[in-house]
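[1] Build me a model from this:
(one chain, ligands or ions: 1)
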Amino acid sequence: MKRLPLLLASLVLLAACGKPGTPPPKGPQPGALPTYQVQNASGIQGSPTLDRARARGRLVIGVKEDQPYLGQKNPATGQYSGFDIEIAKMVAADLGFGPGQIEFKTIASANRETALQNGQVDYYVGTYTINDNRKKLVGFAGPYFIAGQSLLVRKNDNSIHGPQDLDGKKVCSAGGSTPYQRIEQKYPKAHLVSYDTYSACVDNLITDQVDAVTTDNAILQGYAAKAPDELKMAGQPFSTEPYGIGTPKDDKVLRLAIDDALARHEQNGDWKKAYDATLGLSGVPAPTPPPIDRY
Ligand code: GLU
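    Presented below is the predicted three-dimensional model:
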């Protein structure tokens, strides 16, 4: 069962109402988003995943739905937006699928590998760290972005400045994530709490049920930007999280075609335009995209 991030959603709504004279709320502006020309992809042959997508007439892409500026679903319209969503769309265009031929499916961190393994999604774009353990189960195109594990705390908390301050504190993260595993292994004196989603952790932080939320800075910056009176980031990033596009493990043709697509959109400026219109709105200027690791 998905748990709706009710409290956070209501805070965001409150912020959206605004006080007179305050600037409009930050958030992906659909008008500013690039569009991606759909390519003739008939030359891409030998991908079982793509063959299935072609036969059904649409791509099914796994994403997140509660990560502001990255992957967020508008509950009223059902539309998804954010940087990961743009990455998913630019890649789809190079595989021959326009926006009307994409079905986004929300998949939580802990379920990504199984979703790719049992064909629930054709590929996955959602703050998905590339690492050797996961590579035993799935493939990774990219990386297309580098994040780092960080901490989110309540605005009035001055006791946490880094993971070394988590002893005896309640720290929340998503099950199956690399940040959860890192706290479990390296900071065993922290009291770890897990939920399916980071938005559930953030709700628990705002209501004093936990003391900190830990995951990638890119994700936490979005929550902090949406509720600046309640939340703040604490300390510096303490890991390297290269984001890849998850693919079925043995579909090398698909993985390399996605690498090609990423490289093309990085070179033609789409990547930066997409970043500026989405994740950039959480306040961090566009970095240079990392080199792609083809294997
Ligand atoms: N990048 C980390 C991971 O893949 C944390 C973010 C997430 O759970 O999506 O586990």
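
[2] show me where the stretch 51-200 of the chain has helices.
    Taking DSSP state H, counting those that start in this stretch, the helices of the stretch 51-200 of the chain run over residues 83-94, 112-117, 132-135, 178-186, 198-206.

[3] Could you point out which of those sits nearest the ligand?
    helix 178-186 (3.9 Å; CB to the nearest ligand atom). All C-beta atoms are positioned from the backbone trio N, CA, C, and that covers glycine.

[4] and the closest one with helix 198-206, angle?
    Here the directions of helix 178-186 and helix 198-206 differ by 60 degrees (axes from the mean of the first three to the mean of the last three CA atoms, to 10 degrees).

[5] Helix 178-186 near the ligand anywhere?
    Yes. Legend: contact between helix 178-186 and the ligand by CB under 6 Å from any ligand atom is shown at 178-179.

[6] so where do the strands sit in the protein?
    59-63, 66-67, 71-73, 80-81, 102-106, 123-124, 138-147, 149-154, 170-174, 191-195, 212-216, 231-234, 241-248 (DSSP state E).

[7] Compare those strands and give me the one nearest residue 114.
    Among the strands of the chain, strand 138-147 comes nearest to residue 114, with 9.6 Å by CB to CB.

[8] Let's see that closest one as CSV, backbone CA atoms only.
    Extracted in CSV, the C-alpha atoms of strand 138-147 (Å, rounded to 0.1, in the frame of the first residue of the first chain):
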residue,chain,number,x,y,z
VAL,A,138,20.0,-5.4,-13.2
GLY,A,139,21.9,-3.3,-15.8
PHE,A,140,22.7,0.4,-15.6
ALA,A,141,23.0,3.0,-18.3
GLY,A,142,24.6,6.2,-17.4
PRO,A,143,25.4,7.7,-14.9
TYR,A,144,23.5,10.9,-15.8
PHE,A,145,23.9,12.6,-12.4
ILE,A,146,25.9,12.3,-9.2
ALA,A,147,24.3,12.8,-5.8
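
[9] ok and it relative to helix 178-186, angle-wise?
    90 degrees.

[10] Sheet-wise, list the partners of strand 138-147 with their directions.
    Strand 138-147 sits in its sheet next to strand 241-248 (antiparallel), going by DSSP bridges.

[11] Give me the residues contacting the strand it pairs with.
    Contact with strand 241-248 is made by 48-49, 62, 84, 87-88, 91, 112-113, 116-117, 119, 122-125, 127-130, 134, 138-149, 178, 216, 254-255, 258, 262, 290, as judged by CB atoms under 8 Å, 6 or more residues apart in numbering.

[12] just to revisit the earlier point, mind putting the strands of the chain in CSV, distance to residue 182, mean pLDDT and mean neighbour count included?
    As requested, the strands of the chain are arranged in CSV below (distance: least, CB to CB, whole Å; pLDDT from 0 to 100; neighbours: other CB atoms under 10 Å):
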stretch, distance to residue 182, mean pLDDT, mean neighbour count
strand 59-63, 23, 98, 24
strand 66-67, 19, 98, 26
strand 71-73, 22, 98, 24
strand 80-81, 28, 96, 22
strand 102-106, 24, 98, 17
strand 123-124, 21, 99, 28
strand 138-147, 13, 98, 24
strand 149-154, 6, 98, 25
strand 170-174, 9, 98, 24
strand 191-195, 10, 98, 17
strand 212-216, 8, 98, 28
strand 231-234, 16, 98, 19
strand 241-248, 10, 98, 24
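
[13] Please convert those strands to TSV, extending it with distance to the ligand.
    Shown next, in TSV, are those (distance: least, CB to the nearest ligand atom, whole Å):
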stretch	distance to the ligand
strand 59-63	10
strand 66-67	8
strand 71-73	9
strand 80-81	15
strand 102-106	12
strand 123-124	10
strand 138-147	6
strand 149-154	8
strand 170-174	5
strand 191-195	11
strand 212-216	5
strand 231-234	15
strand 241-248	4
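
[14] TSV please, covering the ones you listed and showing distance to residue 40.
    Formatted as TSV, the strands of the chain follow (distance: least, CB to CB, whole Å):
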stretch	distance to residue 40
strand 59-63	16
strand 66-67	33
strand 71-73	28
strand 80-81	26
strand 102-106	18
strand 123-124	20
strand 138-147	20
strand 149-154	41
strand 170-174	39
strand 191-195	43
strand 212-216	36
strand 231-234	44
strand 241-248	21
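
[15] No further queries at this time; thank you.
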